[in-house]
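[1] this one's sequence-less:
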C-alpha cells in the first residue's frame with residue numbers, strides 16, 4: 001500500500017503531530033513499508049496454529065494463598081473522616 005502526502009497529513013492531523021514539510025515524504029515511505037509488512041503477515045495461513053501467551057513453554061509460579069496481614073478494618077474505620085455501615089463515605093465526584 002502506498003501512502004500519498006495528503007494521507008500522511010491526515011494521519012498527522014488525527015494524531016495531533018506536527019511534521020516538518022521536508023519529512024512528510026520520508027514518513028509516507030516508512031508508513032507504506034509498515035503497511036506492506038502488515039499486509040504480508042495478513043496473507044500467512046495461520047489455521048491450525050494454536051495461540052500462545054508466551055513464546056516459551058513456561059508455567060506461572062504460584063504462591064500459597066495465605067493471609068499475611070492482620071485485619072485492621074475497625075482501626076481504619078475509626079480514623080476515616082466519614083463511614084456508615086462499614087463503608088467509607090466520599091464526596092460525590094460525578095454528576
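    Arrived safely, thanks for sending. All figures in this text were calculated on a predicted structure; none of them were measured in a lab. Residues are numbered from 1 along each chain as shown.
[2] what about the residue nearest in space to the middle of the chain, which SS state?
    Centre of the chain computed as the mean C-alpha position; nearest residue by C-alpha atoms, centre = their mean is residue 53, 16.0 Å away. Recorded secondary structure, residue 53: coil (DSSP: H, G, I helix; E, B strand; the rest coil).
[3] tell me the confidence at it?
    pLDDT, residue 53: 79.
[4] tell me which stretches of the chain form helices.
    Counting by DSSP state H, the segments of the chain that form helices are 5-14, 24-42, 73-79.
[5] returning to that earlier point: and the residue nearest to the centre of the chain, how close does it get to residue 61?
    Counting by C-beta to C-beta, to the nearest Å, the separation of residue 53 from residue 61 is 15 Å. Yep, even glycine has a C-beta here, placed from its N, CA and C like the rest.
[6] how about residue 28?
    47 Å.
[7] with residue 93 instead?
    39 Å.
[8] when residue 28 and residue 61 are compared, which one has more neighbours?
    For residue 28 versus residue 61, neighbours defined as other C-beta atoms under 10 Å are more numerous around residue 28 (19 against 5).
[9] residues near residue 20, how many?
    For residue 20, the tally of surrounding residues (other C-beta under 10 Å) stands at 8.
[10] now the one 5 residues further on
    Counted with other C-beta under 10 Å, residues neighbouring residue 25 total 13.
[11] nearest spatial neighbour of it, skipping sequence neighbours?
    Leaving aside its chain neighbours, residue 25 sits nearest to residue 5 (6.6 Å; criterion: C-beta to C-beta, 6 or more residues apart in numbering).
[12] I'd say that neighbour and residue 26 touch.
    No - with contact defined as C-beta atoms under 8 Å, residue 5 and residue 26 do not form a contacting pair (11.0 Å).
[13] next one: the residue lying farthest from the centre of the chain, what pLDDT does it get?
    With distances taken from the mean C-alpha point of the chain and given as C-alpha atoms, centre = their mean, the most distant residue is residue 78, at 38.4 Å. On pLDDT, residue 78 comes in at 94.
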